[in-house]
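Visitor: Please find the sequence and the predicted model below.
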Amino acid sequence: MFQGLRENGTIYILDKTNIVPKLSVGYVEKRSDVYSRFGNPSMPMMTQPADGVIDFSIRIGENVTELKKIPANMSVCSPEGHPLVMVFDNSEGVLAEIASIKRQRKETVDAYEPSLEALSACEQIELTLNPQLAKEQERDNEICQLKQAISNIDEKFETLLRALNSGTQKNKKNNESD
């Protein structure tokens, strides 16, 4: 529980705001005494209220981050206003959350191929039922093929010009040396 963390204790922050989760490991620089969530941090509670919270100053590398109103009797929480950031008092909690994220991502990846097949089937149905769409797609495919053919011709023409220029320069050198 967070109330057990002391100065120099390790704290883990898992940021899930992006698709790729990011873990930061910090160390407690300062901590307040437990106080009521609705009270004043400078007036610690003598008993441990159910709504007891703690403020931490955490050093992560060269930076110091303030964590306010962290529930004292919990081992994992999200700071107020940051639902996709999770704070842990131990690495086991982080590992459990990472396992959950991996499981969710695997389900997403496993659903990807059937989704591609369904998308392809939908496109085929559209082409079957909408002849105009089929003509437009055929036209677009022909344009792409023509663009590729022109690009190939350009490449061959450039190669031919380089070969001709190289041969012309050799002939000039041979004629000058004669």
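Guide: Received the coordinates, thanks. Numbering: from 1, shown residues only.

Visitor: Contacts only, for the residue nearest to residue 51 when sequence neighbours are not counted.
Guide: Leaving aside its chain neighbours, residue 51 sits nearest to residue 37 (4.2 Å; criterion: Cβ to Cβ, 6 or more residues apart in numbering). C-betas here are computed from N, CA, C, even on glycine. For residue 37, the contacting residues are 51-53, 69, by Cβ atoms under 8 Å, 6 or more residues apart in numbering.

Visitor: now residue 26
Guide: 10-13, 58-60, 65.

Visitor: can you pick the most crowded of the contacts of residue 37?
Guide: In terms of neighbours by other Cβ atoms under 10 Å, the contacts of residue 37 top out with residue 53 at 25 neighbours.

Visitor: From the contact counts, what lies against the helix or strand encompassing that residue?
Guide: Element membership of residue 53, judged by DSSP states H and E, is strand 52-60. Applying 3 or more Cβ pairs under 8 Å, 6 or more residues apart in numbering; DSSP states H and E, one finds that strand 52-60 contacts strand 10-15, strand 22-31, strand 35-36, strand 63-71.

Visitor: what's the neighbour count on residue 152?
Guide: 10.

Visitor: Next up, phi/psi of it, please.
Guide: In terms of degrees, to the nearest 10, the main-chain angles of residue 152 are phi -60, psi -40.

Visitor: Among the contacts of residue 26, name the buried ones.
Guide: Listed as buried from these are 11-13, 58; burial here means 16 or more other Cβ atoms under 10 Å.

Visitor: Just put these in JSON lines and tack on distance to residue 5 and pLDDT.
Guide: Conversion of those to JSON lines gives the following (distance: Cβ to Cβ, whole Å; pLDDT from 0 to 100):
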{"residue": "11", "distance to residue 5": "6", "pLDDT": "96"}
{"residue": "12", "distance to residue 5": "11", "pLDDT": "96"}
{"residue": "13", "distance to residue 5": "13", "pLDDT": "95"}
{"residue": "58", "distance to residue 5": "10", "pLDDT": "95"}
